[in-house]
Each structure stands twice: as C-alpha cells, then as structure tokens.
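Undergrad: Quick one, what's the 3D model for this:
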Amino acid sequence: MIRTAFLIFSGNAFASLLLLVRNLIIARLIPVADFGVAATFAIAMSIVEMMSTFGLQQQIVQAKEGDDPKFQAALQGFQVLRGSISSLVMFAISIPLAQFFEIPEATWAYQIMAVVPLLNALGHFDIHRLNRTMVFGPMIVTGILPALVSVLAVWPLSHWFGDWRVMLYAVLIQALVTTITSHIVAQRPYRLEMDRRLMRQSIRFGWPLLVNGILMFMVFNGDRLIVGRTLGMETLAIFAMGVTLTLTPTLVLTKSVQNFFLPLLSRLDYDGTPDAVQRFNLLAIGAIEANLLNGVLLVFVTVLVGEPFVHLLLGAKYGALVPILTLMAVMQALRVFKGGGSVVALARRQTSNAMVANLFRVASLPVAWWMVSTGGTLVGLIWVGIVGELCGFVMSLLMLGGRAEVKLMPLRGQLSLTALFLTVAAANGVLPWGGLSQLNMLLLLAAILAALVVSMKTLRKSFFGRAKI
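TA: Numbers count the residues shown, from 1 in each chain. A predicted model of the protein is given here:
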C-alpha cells in the first residue's frame, strides 16, 4: 500500500507544485494590483463550479456499477450537459461580477473564461474509473502534463501582455490540455448517453454535494470576496497569495487521502460482514489520522520556512503577507482535518456530512464582513475563520461517531496532541516565537509533531500494509 500511496501523493503534489510555481512566477512578473485581478478569475470559476457539483467523478468510483461502460457513458453525458449550463451561467454573470469587484475592464476576460467549464466537462471519465482498481497513472498524467504546459506558457504570455491577461490565457491553456490528455490516456472509447434515470440517481447522490459545493465556495472564496470588495485589489492580491501558499498543499494532501482511502472504504462498506465492518473502522481511523498529520505538517513547514520563502520568491512587494501566514496555515489545517471524515462518510454514501460541517464556516462570514467593513484587519478576519473551521471540525467528528458509526475513542491521544500543536502555532502567529527563541519554538513544535506521528499506529498500518484490508 505504501507504494500506491506514494504514487498518488507524488503525482498530486507535483501537479499542484507546478500550478503553485505558475502562480508565483506570474505574481513576481506582474504588478500586485494586477495579480489581485487575476485572483478574481479563480473566484469566477468557483462560482460556476459550485452551482453544478454533483460528485460524478466520485460516483464512478463509489457506485457498484461504476465499471459498466453504459454507466460511464451516461455519467459523461450528464457531465457535458452540466458543463454546458455552467458555461452559459459564467457568461451571464460576467458583467455583474466585474461590477462587483469594480474592474469593468476585465468583463471580456470573464466572458472568455466561460469556455473553461465546457472544456472540463468534455474530459474522459476513464481516469477516474481506473481508480476503482487502484490504477492512478492516467489520472496523475492528466494532472501533471497540463500544469507543466501552463507553466511553460507563462514566459511568452508575460512577454506579450505583462498584466493580468497572463493568468487568463494560462488557465485557458491548462483546461484545453487537460481535456485532450484525458482522452489520450483513456482505455475505453469516449461515449455520451443521456440517461434520465441515471441523472435522477446522480442528483439524489449529488444534491448534498451540490449544496456542499455552494458552502465550499463560501468557505474557499468568501473571505476573498470580502477582501476584494472592501479592501481593494492590492490587498486581495496579498490575501490571495497567502491562500495560495497555504491552500495548495492542503488540497494536494486531501485529494491524495481521498484517492487512496475511498476505493478501499467503499469496497468494505459494500461487503457488510462483521470482519469488513471491523476493517472499515480501522481504515476510517487511518483516513482521519492522515488528515490530522497533513494539517499539522502544513503548519510546521509554514512556521519553519514561510517568511524566507515569501521574501525570496515574491520579494518585498508581498512583505505584508509574512505576519499573517502562520495564522492562515492554522485555518487551512483545521479545514483539511475535516477531509478525513468527509471521505469516510462518502464511502458510507452519507454525502451530507461535509455539507453540515461547512455550515459553521459559512456562518462566520457575515461576522468577518462586518469586522472588515468597520475597520477590522486581515488578522481579525482570519481569527473568525479559525473559529468557524474549528466548530465545523468538531461537528464532523460528532457525525462520524453518530451517523457513520465510527468508533473514535482510539483518536483521543492524536486529537489532544493536534490541539496542543495548533495552540502553540497560533500563539506564535500572534506573538512571533511567543517569547521563546526561534530555535526553541521550532524544537517545541517538532517534539509535539514527533509525538503525534508516533501515536498514529493505525495510519502506519494502513499505508505499510500490516492491516488486513
């Protein structure tokens, strides 16, 4: 299992690293305010995607009939229909969105980006179907190659344009190459069917994911909407870069955990025997531990190298990011903690768990808006987000122990050490080094991290194949 896990993680990590490099290069090459405009493109795409999320890629992995060619063709047909509607919606909101951010000069760019949802929808589902048999190579290639092409395109684009249009065309190139690559690496011919029965089934499966997609949009982009609307493009650029540096690793880690654990957990859930139930609980604990470790590692690396990383790669124009970076990492860590519970619940076909957990984060946004509108700072906005994410994580654990019937007692030690680690790191974010020397603070965090790793016996068994699965 360790070989498979490493393949998934390294593939997802490399693809995301390439996109991070692309964003860093663009941020370095164009003015700060222009990068703020470029950051609104990601928000625009998220608006469209949130309104059409039905979890079709997860459905082909999780469903019993996921290997059936007709089932796959019907899912692909529904995906194309979904993408077509999303493209129309994106075109329709282009003018209001530009007016909201007070950047009318970017209206045409939002309209051009309307083609991206359709390109994404035309991708081949074979890259997801093969995950059922723990074959991840095609999916990884489809992630890495388009990201690499997008990075290589930055230099000629920056020479030709030199402003936010660099990001616009880099995103379009990535979407086009992704679709083409998914067809090249596919094993089956590409077929489309319009199956009303399956559409109804997909809607039943995906409506909680759709609602959660709306909530996730608010979770991932609510703060950016607030900052962009009230504080302007330059402040949005600083905040968006902080989100990029801390969110990208969490998305990689969460996706890798889901890719690894979901097929195994789904198989055991469908088995239903007493032995399978016991093994399901074992793997569920492993999935939760993996996300705890992922979040803690993110915070530790941010504390260790965050400041020199910003100064070295982004320069003095992003210096305002340094004081808030650790707190942003803590907020993202709490967010990634919820990923373990989400994948376990998804394997049980309980798609509403993530939706409920994210309600707490969304509920914090009006408070954040009021705080910033009345003169509050980015630090206050981040603390509001931390509280919202913490409440959501607690709720996700409560639902796992209740609806999903996962025994959480083995996690007591790991949760205690995680809480201690984040408390120390958050204190460091408020008062750098907390009165301790830099070396002593890092040693304290490293000691807590080491104790956490030692306590994660179930995770080690899951990855190294000592647990019978």
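
Undergrad: Please enumerate the helices of the stretch 51-200 of the chain.
TA: With DSSP state H, counting those that start in this stretch applied, the stretch 51-200 of the chain shows helices at 56-62, 69-92, 94-100, 107-112, 115-121, 126-129, 137-160, 165-184, 196-231, listed in chain order.

Undergrad: Could you identify which of these is most buried?
TA: Stretch with highest mean neighbour count among those: helix 126-129 (a mean of 24; mean count of other Cβ atoms under 10 Å). C-beta coordinates here come from the backbone N, C-alpha and C atoms, glycine included.

Undergrad: who touches that one?
TA: Residues from elsewhere that reach helix 126-129 (Cβ atoms under 8 Å, 6 or more residues apart in numbering): 57, 60-61, 66-67, 72, 138-139, 142, 182, 185-188.

Undergrad: Let me know whether A15 touches I140 as I believe.
TA: Yes: between A15 and I140 there is a contact at 7.4 Å, judged by Cβ atoms under 8 Å.

Undergrad: what packs against the helix or strand containing M328?
TA: Taking DSSP states H and E as the definition, M328 sits inside helix 322-347. Secondary-structure packing of helix 322-347 (3 or more Cβ pairs under 8 Å, 6 or more residues apart in numbering; DSSP states H and E): helix 56-62, helix 233-271, helix 274-313, helix 353-363, helix 378-402, helix 412-430.

Undergrad: centre of the chain versus that helix, how much separation?
TA: In terms of Cα atoms, centre = their mean, to the nearest Å, the centre of helix 322-347 is found 9 Å from the chain centre.

Undergrad: buried sites along that helix?
TA: Along helix 322-347, these residues count as buried under the neighbour rule (16 or more other Cβ atoms under 10 Å): 322, 324-347.

Undergrad: pretty sure I43 is in contact with I226, am I right?
TA: No: using Cβ under 8 Å, I43 is not in contact with I226; the gap is 11.3 Å.

Undergrad: Could you list the low-confidence segments of the stretch 101-250 of the chain?
TA: Across the stretch 101-250 of the chain, the ranges flagged by pLDDT under 70 are 202, 204-210, 212-213.

Undergrad: what's the answer for the stretch 351-469 of the chain, then?
TA: In the stretch 351-469 of the chain, residues with pLDDT under 70: 351-352, 403-404, 429-438, 457-469.

Undergrad: Tell me how many other residues crowd L452.
TA: 22 (other Cβ atoms under 10 Å).

Undergrad: Please spell out which residues along the helix or strand it falls within are buried.
TA: Using DSSP H and E, L452 sits within helix 438-455. By neighbour count on 16+ other Cβ under 10 Å, the buried set for helix 438-455 is M441, L442, L444, L445, I448, L449, L452, V453, S455.

Undergrad: so how far is it off the chain centroid?
TA: 26 Å.

Undergrad: could I get it in CSV with only the CA atoms?
TA: The C-alpha coordinates for helix 438-455 follow below in CSV (Å, rounded to 0.1, in the frame of the first residue of the first chain):
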residue,chain,number,x,y,z
GLN,A,438,13.3,30.8,17.2
LEU,A,439,15.2,27.6,17.8
ASN,A,440,13.3,26.7,21.0
MET,A,441,9.9,27.3,19.4
LEU,A,442,10.8,25.1,16.4
LEU,A,443,12.0,22.4,18.8
LEU,A,444,8.8,22.5,20.8
LEU,A,445,6.7,22.2,17.7
ALA,A,446,8.9,19.4,16.3
ALA,A,447,8.6,17.5,19.6
ILE,A,448,4.8,17.7,19.5
LEU,A,449,4.8,16.7,15.9
ALA,A,450,7.0,13.7,16.6
ALA,A,451,4.8,12.5,19.5
LEU,A,452,1.8,12.8,17.1
VAL,A,453,3.4,10.7,14.4
VAL,A,454,4.4,8.0,17.0
SER,A,455,0.8,7.9,18.2
